[in-house]
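> For reference, the sequence and a predicted model appear below.
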Amino acid sequence: MKSENTPFRGGPLDGRVLPILLGPTGHPPKWYEVPVPSPDGGPATVYAYQRIPAGYTKRLGLQRGWVYEYAPGGREHRTLKWPWSKPPRRD
């Protein structure tokens, strides 16, 4: 499997560069979650990072790669919206 060294911005991993496995399209995953165990044995704290473009070249406007940015609110959970689905009922 291929991996890419990806920098992290913000949060506990600020400034670190970690090798991230690439998917079948050649891109790292959209979200990267880091579970950190609690010192007292309680539930683990999960830090979420969202993938954003690292920047663009001046001349052609090509993307330079990816960077993970800390999302303090956690991962956004989306639901699928099928075209044949009815909207939720409001009573």
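Now that the structure is in, tell me what you want to look at.

> What are the neighbouring residues in contact with residue 32?
Counting by C-beta atoms under 8 Å, 6 or more residues apart in numbering, residue 32 touches 20, 48, 49, 51, 68. Using the backbone N, CA and C atoms, a C-beta is placed for each residue, glycine as well.

> Ignore what I typed, I meant residue 66.
Contacts for residue 66 were tallied using C-beta under 8 Å, 6+ apart; they are 4, 6, 27, 28, 51, 52, 53, 54.

> which residues touch the fourth one?
Taking C-beta under 8 Å, 6+ apart as the criterion, residue 28 is in contact with 4, 6, 20, 21, 22, 51, 66, 68.

> hmm, back to that, in strands, which of the contacts of residue 66 appear?
4, 6, 51, 52, 53 (DSSP state E).

> from what I can see the second one touches residue 52, true?
No: checked against C-beta atoms under 8 Å, the pair residue 6 and residue 52 is beyond contact range at 10.9 Å.

> Between these two, which contacts overlap?
When contacts are counted by C-beta under 8 Å, 6+ apart, residue 6 and residue 52 have 66, 67, 68 as shared neighbours.

> Restricted to strands, list these.
66, 67, 68.

> Using TSV, please lay out those residues together with distance to residue 89 and pLDDT.
Listed next are those as TSV, based on distance: C-beta to C-beta, whole Å; pLDDT from 0 to 100:
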residue	distance to residue 89	pLDDT
66	40	93
67	42	96
68	39	96
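
> All the helices of the chain, residue numbers only.
For the chain, applying DSSP state H gives no helices.

> which residues does the closest residue to residue 3 other than its chain neighbours bridge with?
Once flanking residues are discounted, residue 3 sits nearest to residue 19: 4.3 Å by C-beta to C-beta, 6 or more residues apart in numbering. Note on residue 19: beta-bridge partners by DSSP bridges are residue 5.
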